[in-house]
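[1] prediction below, plus the sequence it came from.
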Amino acid sequence: MLRVDDVGDEAALEAVRDALDILGVAYRFARAEPDEDRFPQTAYFYVPDGSADEVENVMQRLSAEYGIEAEIL
């Protein structure tokens, strides 16, 4: 499971999804807190265990640009 904290707007959320698409990761959106329509939010994605290292590396790069904090749980 990938947790992405401090998602400030739709552009940041879309950047996360785009990065997962580029990696070719078979991900699925799980949920968002407080909910999908409010920002900032924490978004959760199911990602395959075998892709954890790749995903973490890409999320670190997005962190600098969008101020998100991502972690594989």
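    Cool, the structure landed.

[2] let me know the pLDDT of the closest residue to residue 35 other than its chain neighbours.
    Closest residue to residue 35 apart from its sequence neighbours, by Cβ to Cβ, 6 or more residues apart in numbering: residue 41 at 7.4 Å. The C-beta positions use only the backbone N, C-alpha and C, and glycine is treated the same way. What the model reports as pLDDT for residue 41 is 95.

[3] try residue 54
    Per-residue pLDDT puts residue 54 at 93.

[4] can you list contacts of the helix or strand harbouring it?
    When elements are assigned from DSSP states H and E, residue 54 belongs to helix 52-66. Residues outside helix 52-66 that contact it (Cβ atoms under 8 Å, 6 or more residues apart in numbering): 2, 4, 7-8, 11-12, 15-16, 19-20, 22-23, 25, 47, 68-72.

[5] again, only using 6 Å
    Contacts to helix 52-66, defined as Cβ atoms under 6 Å, 6 or more residues apart in numbering, come from residues 2, 12, 15, 19, 23, 47, 68, 70, 72.

[6] the protein: helices as residue ranges?
    For the chain, the helices defined by DSSP state H cover 10-23, 52-66.

[7] in CSV, list those helices along with mean neighbour count and distance to residue 30.
    Below are the helices of the chain laid out as CSV (neighbours: other Cβ atoms under 10 Å; distance: least, Cβ to Cβ, whole Å):
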stretch, mean neighbour count, distance to residue 30
helix 10-23, 15, 13
helix 52-66, 15, 14
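
[8] which stretch in those helices is the model least sure about?
    helix 52-66 (a mean of 92).

[9] I'd like the distance from it to the chain centre, please.
    8 Å (Cα atoms, centre = their mean, to the nearest Å).

[10] next up, the contacts around the residue of the chain positioned farthest from its centre.
    Of all residues in the chain, residue 50 has its C-alpha farthest from the mean position, at 16.3 Å, by Cα atoms, centre = their mean. Taking Cβ under 6 Å, 6+ apart as the definition of contact, residue 50 has no neighbours.

[11] want to throw the contacts of helix 52-66 into TSV with distance to residue 62?
    Formatted as TSV, the contacts of helix 52-66 follow (distance: Cβ to Cβ, whole Å):
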residue	distance to residue 62
2	12
12	8
15	6
19	6
23	12
47	14
68	6
70	7
72	14
